[in-house]
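S.K.: requesting a structural model of the entry that follows:
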Amino acid sequence: LALLLGKQTGLPEEALRAIGIGALLHDVGKLSFHPSMLRNQHRNKFEEAVYRTHCQTGYDAAVKANSLSPAMLAVILQHHERMDGSGFPDRLKGDEIPFAARMVAIANRFDNLTNPLDYLKAMSPSEALSFMWAKENKIYDSKLLQLFIKAMGVYPPGSVVMLSDNRVAAVVSSAPTAHPLSPQVLIYEPEIPRRQALIIDLAEETSIKIERPLRLSERPDEELDYLLPRRKISWFFVEGE
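M.R.: All right, here's what the predicted structure looks like:
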């Protein structure tokens, strides 16, 4: 996700490599925590203070490794900083936050919204993008966030949507550039085994359109088990898409 955003900004290969490695290692500081703390969604003040040390702990360990660039180290230390100064560990603001860290912050937040610890609280990708733009525009780099939304598309894979023929479907492939509102979708038909479920390319089936995205929290479990059987969304992008 961070690399997708990096490519959207036109960064050179060396900078993309730094962002990619930084993103892979951004939470290395959590290795020192007991798993129960990481799974706890209701940390008290003491636990939250301990949790917030993972940025510095990870940074210190990475510095000792003596093999990472300043940009990679910045991602590990500052991926929880926020543009309005409300982040941690150093309450940096705006341009004080390194560019690479601002990118990974956006990718990290999006992934956490779509893949939370409690899958019942998961947002669809389209919900998450809308939420970040409407509610969190001021705490993330708005220009980068806009580019991220553009890169992900109007209906990212994993979104659950209502079609114009009143059928419910899951987006399973990004829309082509020429038809940004027309991705491939898997149709919810409970009487048909999921392995045999119909997949429609809306770029070719022009008589059917997406009416609106649907909130995952408002859909029945049996529908989501059919459309998103693992509930967790894995992100990968093929070169050229």
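S.K.: longest helix in the protein, by residue count?
M.R.: What stands out as the longest helix in the chain, according to DSSP state H, is helix 99-114.
S.K.: how far does that helix sit from the chain's center?
M.R.: Its chain's C-alpha centre and that of helix 99-114 lie 7 Å apart, by CA atoms, centre = their mean, to the nearest Å.
S.K.: contacts for the helix or strand of the chain with the lowest mean pLDDT, please.
M.R.: Averaged element by element with mean pLDDT, DSSP states H and E, the chain has its least confident helix or strand at helix 35-39 (a mean of 86). Contact with helix 35-39 is made by 30, 43, 47, 50-51, 117, as judged by CB atoms under 8 Å, 6 or more residues apart in numbering. The way it works is simple: take the backbone N, C-alpha and C, and place the C-beta from them, glycine included.
S.K.: kindly report the same for stretch 1-9.
M.R.: By CB under 8 Å, 6+ apart, the list of residues contacting stretch 1-9 reads 15-16, 19-20, 22-23, 103-104, 106-107, 110-111, 144, 147-148, 150-152, 235, 237.
S.K.: show me what contacts residue 152?
M.R.: Applying CB under 8 Å, 6+ apart, the residues contacting residue 152 are 4, 110, 125, 129.
S.K.: let's see 10 Å
M.R.: Neighbouring residues of residue 152 by CB atoms under 10 Å, 6 or more residues apart in numbering: 1, 4-5, 8, 110, 125-126, 128-129, 159, 174, 235, 237.
S.K.: hmm, residue 57 is touching residue 63, no?
M.R.: No. When contacts are counted by CB atoms under 10 Å, residue 57 is not listed as touching residue 63 (11.0 Å).
S.K.: what segments of this structure are strands?
M.R.: Per DSSP state E, the chain carries strands over the ranges 160-163, 168-173, 184-187, 199-201, 210-213.
S.K.: write the ChimeraX selection for whichever of the contacts of stretch 1-9 are buried.
M.R.: Typed into ChimeraX, the line below selects the buried ones among these, using 16 or more other CB atoms under 10 Å:
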select :15,16,19,20,22,23,103,104,106,107,110,111,144,147,148,151,152,235
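S.K.: domain assignment for this structure?
M.R.: The chain is divided into the following domains under the TED database: 1-152, 159-227.
S.K.: most neighbours per residue, which of those domains?
M.R.: When those are scored by mean count of other CB atoms under 10 Å, the highest mean neighbour count falls to domain 1-152 (a mean of 17).
S.K.: thinking again about what came up before, which of the contacts of helix 35-39 sits closest to residue 168?
M.R.: residue 117 (26.0 Å; CB to CB).
S.K.: ok, back up a step: okay, the contacts of residue 152 in a markdown table with distance to residue 224 and pLDDT next?
M.R.: Formatted as a markdown table, the contacts of residue 152 follow (distance: CB to CB, whole Å; pLDDT from 0 to 100):
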| residue | distance to residue 224 | pLDDT |
| --- | --- | --- |
| 1 | 22 | 95 |
| 4 | 25 | 93 |
| 5 | 28 | 95 |
| 8 | 30 | 93 |
| 110 | 19 | 97 |
| 125 | 14 | 94 |
| 126 | 15 | 92 |
| 128 | 16 | 95 |
| 129 | 19 | 95 |
| 159 | 12 | 94 |
| 174 | 21 | 85 |
| 235 | 19 | 69 |
| 237 | 24 | 63 |
